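Colleague: Quick one: sequence plus predicted model below, questions after.
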Amino acid sequence: METFQILFRSRRRIDREQVEDAIGNYLSALSKNGQIVGDTPTARVSGGYRVFVNVPRADALEVRTGNKWVRRVAKKLIAAGAGEPRVRRLGGEPTSRGPCTCRRPSHFVLFTDFMSDQPPVRCGHCFRPVPLYTFPPTSESGDFQDLLNWQSTYQAMDWLFIGSGAGEHYSHRQMSDYRSPLSQEGREVAATLEAKTRRPVYYYLMKHFGSSDARERRRKCPSCKKSWALTTPLHRIFDFRCDRCRLLSNVAFDVR
């Protein structure tokens, strides 16, 4: 990912609340279109506002990447007195992986975890994140709100599981069971993305608890009950793949 600064130079006489609302709406539209990720620290500075954002790729804030909602709220920035956003690249974000550079990935994986601010779609070849704005919109509103909603819910479940408290087994079932509400939501989004891109999109079932390594490796696909074990782990994570059901999984972490 890359870190950018967005500067809004406002007029001297402005309605501060109106300007701040316009900036907030602009950042929200960028987020829903996958152009910025994570938090957006904002400071009121002399002559305007300064915002720091992480983006999935260096071209994320170019005008051509914006959807109709981004363009619409950008016009309202000027009307509110915030002026046109002035963008400056600060450098690479040091803790994240670079984006996918494959010319045409043959398939994708829906994947995230509690630590990740990166886009929740990975290239099936290099396993690097793919900027959402490079895909056709997945939600009816013309952005990626459905995909981002799934990501935030999944990360909340992952946090709950990592906490190892009262919600440990509940959250594990949500992430490991293909019939859970979380998995159903994710698989629906994956199916939508597959229909839009006409390329397979796989859904990952994380599994931590198991009785033995040998028994784990004899597992069948939970959906179609067919063999799905891989001879070599995929991306050092996935031990199972079902091309029919578009599912991936791993040998339970506590027995491998």
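Modeller: That came through fine. Numbers count the residues shown, from 1 in each chain.
Colleague: For Asp59, give me its contacts.
Modeller: Thr65 (Cβ atoms under 8 Å, 6 or more residues apart in numbering). C-beta here means a position set from N, CA and C on the backbone, and glycine is covered the same way.
Colleague: tell me which element it falls in.
Modeller: Taking DSSP states H and E as the definition, one finds Asp59 inside no helix or strand.
Colleague: any idea how far it is from Cys242?
Modeller: 35 Å (Cβ to Cβ, to the nearest Å).
Colleague: can you check Val121 too?
Modeller: 19 Å.
Colleague: Which one's more surrounded, the two?
Modeller: Val121 (28 against 21; other Cβ atoms under 10 Å).
Colleague: Once you drop chain neighbours, what's closest to the more buried one?
Modeller: Val130 (4.9 Å; Cβ to Cβ, 6 or more residues apart in numbering).
Colleague: Settle this for me: the one you found is touching Pro120, isn't it.
Modeller: No: using Cβ atoms under 8 Å, Val130 makes no contact with Pro120, being 9.5 Å away.
Colleague: all helices for the stretch 101-250 of the chain, in order.
Modeller: 145-162, 168-176, 181-197, 213-217 (DSSP state H, counting those that start in this stretch).
Colleague: what about the ones you listed, which gets the closest to Pro85?
Modeller: helix 145-162 (21.4 Å; Cβ to Cβ).
Colleague: What lies in contact with the closest one?
Modeller: For helix 145-162, using Cβ under 8 Å, 6+ apart, the contacting residues are 31-32, 34, 110, 112-114, 116, 120-121, 132, 138-139, 167-168, 170-172, 174-175, 182, 185-186, 189, 192-193, 206, 208.
Colleague: Tell me, please, where in the chain the pLDDT is lower than the cut-off.
Modeller: 11-13 (pLDDT under 70).
Colleague: Break it into its domains for me.
Modeller: Domain assignment for the chain, taken from automatic domain parsing, gives 2-92, 108-249.
Colleague: Reformat the ones you listed as CSV; add distance to Val255.
Modeller: CSV is the format used below for the domains of the chain (distance: least, Cβ to Cβ, whole Å):
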stretch, distance to Val255
domain 2-92, 34
domain 108-249, 4
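Colleague: between these, which gets nearest to Pro99?
Modeller: Between these, domain 2-92 lies closest to Pro99; by Cβ to Cβ that is 4.6 Å.
Colleague: Please compute how far that closest one lies from its chain's middle.
Modeller: Counting by Cα atoms, centre = their mean, to the nearest Å, domain 2-92 is centred 20 Å from the centre of its parent chain.
Colleague: Could you do stretch 214-227 as well?
Modeller: 28 Å.
Colleague: Stretch 153-166 too?
Modeller: 17 Å.
Colleague: So which residues of the protein form strands?
Modeller: 2-9, 42-45, 48-55, 86-92, 108-110, 121-123, 201-205, 229-234, 238-242, 247-249 (DSSP state E).
Colleague: what sits up against the last one?
Modeller: Right, the one you point to is strand 247-249. Under Cβ under 8 Å, 6+ apart, the answer for strand 247-249 is 109, 176, 178, 202-207, 219, 221-223, 228, 234, 238-242.
Colleague: same thing but at 7 Å, please
Modeller: Contact partners of strand 247-249, identified using Cβ atoms under 7 Å, 6 or more residues apart in numbering, comprise 109, 178, 202-205, 207, 221, 223, 238-241.
Colleague: If we only consider those, which is nearest to Arg9?
Modeller: Distances from Arg9 to these, taken by Cβ to Cβ, are shortest for Val109, at 41.6 Å.
Colleague: can you count the residues close to that closest one?
Modeller: Neighbourhood size, Val109 [other Cβ under 10 Å]: 25.
Colleague: Please name the bridge partners of it.
Modeller: Arg122, Tyr202 (DSSP bridges).
Colleague: Perfect, I'm done here.
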